[in-house]
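# structure, please.
(2 chains)
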Amino acid sequence: MVHIIWMFLLAVGIITAMFNGRMENVSEAIFTGAEEAVTLCFGLISVMVFWLGMMNLAKSSGLLNIFTKWMRPLAIRLFPEVPPEHPAMGYILSNITANLMGLGNAATPMGIKAVKELRVLNDDKEEASRSMVTLMALNTASLTLIPTTVIAIRMNYESAAPAEIVGTTIMATACSTIAALCIDRYFYYRRLRKRKGFT
Amino acid sequence: MSWMNTVSLWIIPAFLLVIIAHAAIKRVPAYDSFVEGGKDGFQLAVSLIPYLVGMMVAISVFRESGAMDLILNLIKPLLVLLGIPADIVPLALIRPISGTGALGMMSDLVSQHGPDSFIGRLASTMQGSTDTTLYVLTIYFGAAGIKNIGDALKVGLLADAVGVVASIIIVTMVFI
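Numbers count the residues shown, from 1 in each chain, chains lettered A, B, ... in the order given. You can find the predicted model right below:
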């Protein structure tokens, strides 16, 4: 699915540029895009090293486990295939918590760790497991309580009440998260039904 | 809204303090454990480079060639017909594809219409309520070496669509 989008973006872009006379912009875009990506990754190094270090500390002191226990009732419903004691659950829950607090930076390394652990659970296959799709659904809908960047931008433009959108954001994000979970379940059961149909 | 700032300033340090305090109580060699975990961070960030370079080059080629505007203009009448304000359409369509693109567009809308206008509030809500689907999928699955992503993209994009519609309805109900 991603290769189709990737090839579509590149091919349609280049072909459009042929007719548009924007080839110069396109050849420039290739280099600026690549540079932007590398800059982004280098920016991620500091964040990843720091948060993965802190997470490892929380794991070895047992804090991550305590936290997992608190959230277990929710977690086993969302991720029925992950054993509650498995380290994957700890990473999944820290990823969700970091998202909730608007700490996108901290959420990314934990989410990556979670997907890696889920892959181990899925016999190291190169295929996304059901739990991975659920985790992605939660992350793309990104349930946020405090949208910090947006508030900062509104302050910049001298809003009378920069944080007044917190309420509407929480409602909208709750809608998209619930929708994401429902859609995720729908696709999962549809896939199951299809598989049954074949056998 | 100064309490909001205080909360966002305090939340990370407070969280760190809890981790450190718990490690001290449990007598874990905290520094060694931190360093051990942090070692993965560098490799992980560097391993993301090819995935992000590929994706971001494709997106910037698509945008700079004018193809993005072309498709936006094609879809726009349809979305306006559905009751989506014309000014907000480009933001709604770019939000799942490019995080930096959407952020730029949102700031632009807020500066043009004013942060306390209907469009300004709607753009803020839309920006804050979802994450960049394509980026999340590229990074998470890329780092873990997952090649077949199943239904993840479809689920993410459909949820984004619900988020856009929900933002419009909610902002209309709350502020008008």
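
# surely B:M55 meets A:A37?
Yes - when contacts are counted by Cβ atoms under 8 Å, B:M55 is listed as touching A:A37 (7.3 Å). Every C-beta, even on glycine, is put in place using the N, C-alpha and C of the backbone.

# next, count neighbours for B:I169.
Other residues within reach of B:I169, judged by other Cβ atoms under 10 Å in any protein chain shown, total 14.

# mind listing what's buried in stretch B:17-36?
Across stretch B:17-36, burial judged by 16 or more other Cβ atoms under 10 Å in any protein chain shown covers B:I19, B:I20, B:H22, B:A23, B:V28, B:A30, B:S33, B:F34.

# helix or strand for A:T168, which one?
helix A:165-198 (DSSP states H and E).

# what about that helix, distance to the chain center?
14 Å (Cα atoms, centre = their mean, to the nearest Å).

# again with stretch B:60-77
20 Å.

# what does stretch A:33-51 give?
Counting by Cα atoms, centre = their mean, stretch A:33-51 is centred 16 Å from the centre of its parent chain.

# cool, stretch A:134-141 as well?
Distance of stretch A:134-141 from the chain centroid (Cα atoms, centre = their mean) equals 6 Å.

# any idea which residue is closest to the centre of the chain?
Assuming you mean chain A. Nearest to the geometric centre of chain A sits A:N139, at 3.4 Å (Cα atoms, centre = their mean).

# right idea, wrong chain: chain B
Nearest to chain B centroid, counting by Cα atoms, centre = their mean: B:D131, 2.8 Å.

# if we can go back for a sec, ok, the helix holding A:T168 near chain B or not?
Yes - using Cβ under 8 Å from any Cβ of the partner chain, helix A:165-198 reaches chain B at A:165-169, A:171-173, A:175-177, A:179-180, A:183-184, A:187-188, A:191.

# now the residues you listed: which count as buried?
Buried, going by 16+ other Cβ under 10 Å: A:165-166, A:168-169, A:171-173, A:175-177, A:179-180, A:183-184, A:187-188, out of the residues of helix A:165-198 next to chain B.

# so what does the lowest-mean-pLDDT helix or strand in chain A touch, helix or strand wise?
In chain A, no helix or strand scores lower on mean pLDDT, DSSP states H and E than helix A:148-156, which sits at a mean of 80. Helix A:148-156 is packed against helix A:165-198, helix B:99-113, helix B:118-129, with contacts defined by 3 or more Cβ pairs under 8 Å, 6 or more residues apart in numbering or on different chains; DSSP states H and E.

# tell me which of those sits nearest to B:A14.
Of all these, helix A:165-198 sits nearest to B:A14, with 19.7 Å by Cβ to Cβ.

# the closest one versus helix B:118-129: what angle between them?
Helix A:165-198 runs at 50 degrees relative to helix B:118-129, counting by axes from the mean of the first three to the mean of the last three Cα atoms, to 10 degrees.

# any regions of chain B where pLDDT drops low?
Within chain B, the segments meeting pLDDT under 70 span B:1-9.

# give me the phi and psi for the residue in chain B positioned nearest to chain A.
Closest to chain A within chain B is B:G37: 2.3 Å, counting by Cβ to the nearest Cβ. Main-chain dihedrals, B:G37, degrees, to the nearest 10: phi -70, psi -40.

# quick check, it in contact with A:M55.
Yes - shown here, B:G37 and A:M55 form a contact pair, counting by Cβ under 8 Å, at 6.1 Å.

# neighbour-wise, which of the two wins?
A:M55 (26 against 23).

# what helix or strand is the residue in chain A positioned nearest to chain B on?
Of all residues in chain A, A:N56 sits closest to chain B, with a separation of 2.3 Å (Cβ to the nearest Cβ). Taking DSSP H and E as the criterion, A:N56 maps to helix A:23-60.

# can you tell me what sits against the helix or strand following that helix?
The helix or strand immediately downstream of helix A:23-60 is helix A:63-78, counting by DSSP H and E. The contact list for helix A:63-78 (Cβ atoms under 8 Å, 6 or more residues apart in numbering or on different chains) reads A:55, A:58-59, A:82, A:84, A:87, A:89-90, A:92-94, A:97, A:134, A:138, A:181, B:18-19, B:22-23.

# narrow the residues you listed to those that are buried.
For those, buried by 16+ other Cβ under 10 Å: A:55, A:58-59, A:82, A:87, A:89-90, A:92-94, A:97, A:134, A:138, A:181, B:19, B:22-23.

# neighbours around B:M68, how many?
For B:M68, using other Cβ under 10 Å, the count is 24.

# look up how far A:L9 lies from the closest residue to it other than its chain neighbours.
In space, and not counting its chain neighbours, B:M68 is closest to B:F62: 5.5 Å by Cβ to Cβ, 6 or more residues apart in numbering or on different chains. Noted for B:F62: a distance of 4 Å to A:L9, by Cβ to Cβ, to the nearest Å.

# hmm, back to that, so how far is A:E126 from the residue of chain A closest to chain B?
Taken as Cβ to Cβ, the span from A:N56 to A:E126 is 26 Å.
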